[in-house]
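A.B. asks: using only what follows, build the 3D model:
(chains A and B)
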Amino acid sequence: MGSYVPSTIDERNDMLKAVGLDNIDQLFSSIPDEVKVKKLNLPLGQSELEVRRSMENIADKNVVFKKIFRGAGAYNHYIPAIVKSVTSKEDFLTAYTPYQAEISQGLLQAIFEYQTMICELTGMDVSNASVYDGATAAAESVAMVTDKKRNKIIVSSTIHMHVLKTIKTYCEGSGVEVIVAPEKDGVTDTEALKTLLDETVAGVYMQQPNFYGIIEDAENLSELTHAAGAKFIMGCNPISLAILKTPFECGADIAVGEGQPLGMPLSFGGPYLGFMACREALMRKLPGRIVGETVDLEGKKAFVLTLQAREQHIRREKASSNICSNQALCALTASVYLSAMGHDGLIDVANQCISKTRYLANELCKIEGIRLKYADKEFFNEFVTTCSIKPNELLQKLEQKGILGGYPIDDGILWCATEMNSKDQIDELVASVKEAVKR
Amino acid sequence: MSLIFDKSREGIGCSILSELDVEPVLFPEKLKRTKSLNLPQLAEVDISRHYTELSKKVHGVNDGFYPLGSCTMKYNPKINEEIAALAGFTKIHPLQPENTIQGCLEVLSKAEKYLCEITGMDNMSFQPAAGAHGEFAGLLIIKAYHKSKGDLKRTKIIVPDSAHGTNPASATMAGFEVVNIPSGDDGCVDIEKLEAAVGDDTAGFMLTNPNTVGLFEKNILKITEIVHNAGGLVYYDGANLNAIMGIARPGDMGFDVMHLNLHKTFSAPHGGGGPGSGPVGCKSFLSKFLPNPQVKEYSDKYEFSNSPDSIGMVKSFYGNFLVVVKALTYILTLGKEGIKQASENAVLNANYMKCELSKIYDMAFDDICMHEFVMTLENLKKEKGVSAMDVAKMLLDNGIHPPTMYFPMIVHEALMVEPTETESKATLDKAIEVFSDIYKKAMAASELLHEAPVKTPVRRLDEVLAARNPVLKSGDRHTD
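C.D. replies: Coordinates of the predicted model:
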């Protein structure tokens, strides 16, 4: 059996004796017999070597695709070696939330730098220290803008389905009505949005690029939203922000998003990173931890968790959110990733995504029966095509060749390319698709 | 030390990506940002040294004793990290076809099975990313349950005044009205107050057991019965499970729904505040309300399934999966004997420390404690002006992370100590010595404690300045 108890049996007996007891069971005498466990049906403990074998066997039952053309909320990007090297440092890895600022300056500074980078990407004034993921960031942002008078939120139907579902779950809790604005030609239907907006709407949530990879006219949506007195919230892909107009420039009040592309492996969906940033006016409504700069009693510059009057451990039922643990190590991951890529590197990643995705789209559309579902739209690293055979049939054929193809949606496929897909790999995929649809 | 932005230099960077091998495509100018993008440009060596320097100013479990009450800062085994880093886990896309993710589904299914065995629940979802997130999901399950019975008047969640702050905050988020009930003089649930509080508007009652003063609620069966008789459900806050693994199960105590903190009890590291994992578990009559999707085990395969009655999704995909991998690795390592041994030693360590410290300090409650105990420095404060904060800050100078301060709120000048099972007697003895030393200093020269810490990278901070005049990113300036 494995054990991480470092005391010897003798030491344990000494401690028991010091407490004035004869045996361990006496420590649990306050627990009624009726609720004591009679038999625990778990396997016997194992040595480290045995555990490693068992877990490796389980991991081997998964298929690791080397050629990935699927995104849909989780993106295959290159992760520089320095990222894992930094985030594996035991001090960062094993620390708790930095309540004791005097011995947590390194972590607090790292989060402060993260907040700065998120503000740089989004153009916003204030960022928090992270939330669980992009979907919960979206749901928390809704709570920031709704109140008794304005108790509805409009969500574009072009956002990721998990984000929509998560927003709906959170709103079921808070009693906020969620209205889905329809789409037209792959983007939010502005005419329909206009008819939905009124003085009871607290905000509009849209995604940029949207679920189909398309760049929406965010500025127009923002203007419509603000004209109705509502707040405008954008869910963003952080890599795209290296190039695209910032949410601030688009007029957004809040910018949130899934930070996974910033150095986090696919990991079957988590841990990922929810980032949240807003304009200064909404600062005190922003949920979660926030690190601020201050001085110590000798006047030395230092960092500390701040604006805690918003938080659950102080305000309890009146808190702006219940969030306690966030994704600190993932925020650190994003910071190291952004430092390693730098300004130039991040723009390069974004440009490579755009270029390779366009190349993939062009090549795929040369195949008979495959065409862009939404023509004449700018897209970032994803796009939707039609498919002349059943999407799942095509995808299975690709799978047999070791390719994870796009994500099937309705009668089409949502494809994705990033800097990870070489031209050769794209050509191989296209040839495989051609062969598959021919038969 | 200077910010990474201040170390940035034009013309330097890491060489990471290959040359673009297809025709470059540029977005039209109207789509592009005009605001400059100020990300640091550094050589890899400078990035590495920057973060190494930062890491030296962080106190983790690896750096020393960390008796932070309610947070279960146990040692984080290294094998867990290596297993969670296997390509067979990290390189799996969450939307791969089910036949290619059988290993991931097996992890979720096995973890569910074992954790249900440990807790006495019937089903569990790993979608919640942290304890508070699990609470939120659990409360929505309670809401969905009453709604499914057409019982719409149950709008209140009862919470003891000793509860973790997340409990009332989560209840509010789930749309409930929070009813706080005062604890009894013994720190436990006041049965009469509970009886008076429940009614046909009670949706549920939230409790952690052992409670936040470190005592097992002896009347637990009575407590859950009272709530059930009133038609409410009972929620178990799993933050304190480390005391009772293999010894008693929330499911057998009458709890209906609960969450666990895999980053506490099941040894996954806290990462400086996350990522955690807060699976929500429940009895079978509530299973259909769990977040979607659920994993089902068949004789030859695992599959996802979706319940039409589910509360929906509380997060993308399936939760912080790699944290679940770490927890499963831990459970397989310890097994049925080790799991119980962990709790026994957590409780033994706490009682030993409490017993020794009670020779010097006042304890909030005298009984045998579970995995943690609460000291009260009320008298020290009155007599010498030395607060719980002062003692905590002096611990920093001694390489010990302080206990949780000023919690639970029902104890004045509280320090809540949770040593965990992964500390040796020698470590505890050393800490006891430090505590005792600090007490002597408090008696002889209390000003020393007000000064502390003096050996840390910075001294006590001006928190008022930080909050009154927030500087929350590089480039912001204090305005007064």
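
A.B. asks: for the stretch 151-300 of chain B, just list every one of the strands.
C.D. replies: Here the stretch 151-300 of chain B has its strands, by DSSP state E, counting those that start in this stretch, at B:156-160, B:177-181, B:202-207, B:233-238, B:257-260, B:280-282, B:294-297.

A.B. asks: is any residue of the third one near chain A?
C.D. replies: Right, the one you point to is strand B:202-207. No: residues of strand B:202-207 contacting chain A under Cβ under 8 Å from any Cβ of the partner chain: none, with a closest distance of 11.6 Å. Yep, even glycine has a C-beta here, placed from its N, CA and C like the rest.

A.B. asks: what strands flank that strand, and is each parallel or antiparallel?
C.D. replies: Strand B:202-207 has the following sheet partners, assigned by DSSP bridges: strand B:156-160 (parallel), strand B:233-238 (parallel).

A.B. asks: tell me which of the strands of the stretch 151-300 of chain B sits most buried.
C.D. replies: Highest mean neighbour count among the strands of the stretch 151-300 of chain B (mean count of other Cβ atoms under 10 Å in any protein chain shown): strand B:280-282, with a mean of 32.

A.B. asks: and the angle for the one helix or strand residue B:142 maps to with strand B:233-238?
C.D. replies: Per DSSP states H and E, residue B:142 falls inside helix B:131-148. For helix B:131-148 against strand B:233-238, the angle by axes from the mean of the first three to the mean of the last three Cα atoms, to 10 degrees is 170 degrees.

A.B. asks: dump helix B:131-148 to CSV, keeping only the CA atoms.
C.D. replies: Extracted in CSV, the C-alpha atoms of helix B:131-148 (Å, rounded to 0.1, in the frame of the first residue of the first chain):
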residue,chain,number,x,y,z
GLY,B,131,-15.6,23.5,-4.2
ALA,B,132,-17.8,26.6,-4.5
HIS,B,133,-18.7,25.6,-8.0
GLY,B,134,-19.7,22.2,-6.7
GLU,B,135,-21.8,23.8,-4.1
PHE,B,136,-23.6,25.9,-6.7
ALA,B,137,-24.3,22.8,-8.8
GLY,B,138,-25.5,20.9,-5.7
LEU,B,139,-27.9,23.7,-4.8
LEU,B,140,-29.2,23.8,-8.3
ILE,B,141,-29.9,20.1,-7.9
ILE,B,142,-31.8,20.8,-4.7
LYS,B,143,-33.8,23.5,-6.6
ALA,B,144,-34.5,21.2,-9.5
TYR,B,145,-35.7,18.5,-7.1
HIS,B,146,-38.3,20.6,-5.4
LYS,B,147,-39.4,22.1,-8.7
SER,B,148,-39.8,18.6,-10.2
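
A.B. asks: what is it packed up against?
C.D. replies: The elements that helix B:131-148 packs onto, with contact taken as 3 or more Cβ pairs under 8 Å, 6 or more residues apart in numbering or on different chains; DSSP states H and E, are helix A:161-174, helix B:166-173, strand B:202-207, strand B:233-238, strand B:257-260, strand B:280-282.

A.B. asks: in it, what counts as buried?
C.D. replies: B:131-146 (16 or more other Cβ atoms under 10 Å in any protein chain shown).

A.B. asks: low pLDDT regions in chain A?
C.D. replies: Applying pLDDT under 70 to chain A flags residues A:439.

A.B. asks: and residue 149, how many neighbours?
C.D. replies: I went with chain A, as the question did not name one. When neighbours are defined as other Cβ atoms under 10 Å in any protein chain shown, residue A:149 has 8 of them.

A.B. asks: to clarify, I was referring to chain B.
C.D. replies: Around residue B:149 there are 10 residues (other Cβ under 10 Å).

A.B. asks: what's the answer for residue A:84, then?
C.D. replies: There are 15 residues near residue A:84, going by other Cβ under 10 Å.

A.B. asks: just the one 5 residues further on next, same as before
C.D. replies: Residue A:89 has 19 neighbours, counted by other Cβ under 10 Å.

A.B. asks: quick one, what contacts it?
C.D. replies: Taking Cβ atoms under 8 Å, 6 or more residues apart in numbering or on different chains, we find residue A:89 in contact with B:51, B:52, B:55.

A.B. asks: scan those residues and report the most crowded one.
C.D. replies: The residue in those with the most neighbours, by other Cβ under 10 Å, is residue B:51 (24 neighbours).

A.B. asks: hmm, residue A:340 and it touching each other?
C.D. replies: No: between residue B:51 and residue A:340 there is no contact under Cβ atoms under 8 Å: 10.6 Å.

A.B. asks: quick one: contacts for the nearest residue to residue B:307 once chain neighbours are set aside?
C.D. replies: Leaving aside its sequence neighbours, residue B:307 sits nearest to residue B:288 (Cβ to Cβ, 6 or more residues apart in numbering or on different chains; 4.7 Å). Residue B:288 is in contact with B:307, B:309, B:310, counting by Cβ under 8 Å, 6+ apart.

A.B. asks: cool, and residue B:56?
C.D. replies: Contacts of residue B:56 (Cβ under 8 Å, 6+ apart): A:91, A:106.

A.B. asks: whatever helix or strand residue A:136 lives in packs against which elements?
C.D. replies: Assessed by DSSP H and E, residue A:136 sits inside helix A:134-145. Using 3+ Cβ pairs under 8 Å, 6+ apart, the elements in contact with helix A:134-145 are helix A:161-174, strand A:201-208, strand A:231-236, strand A:254-258, strand A:274-278.
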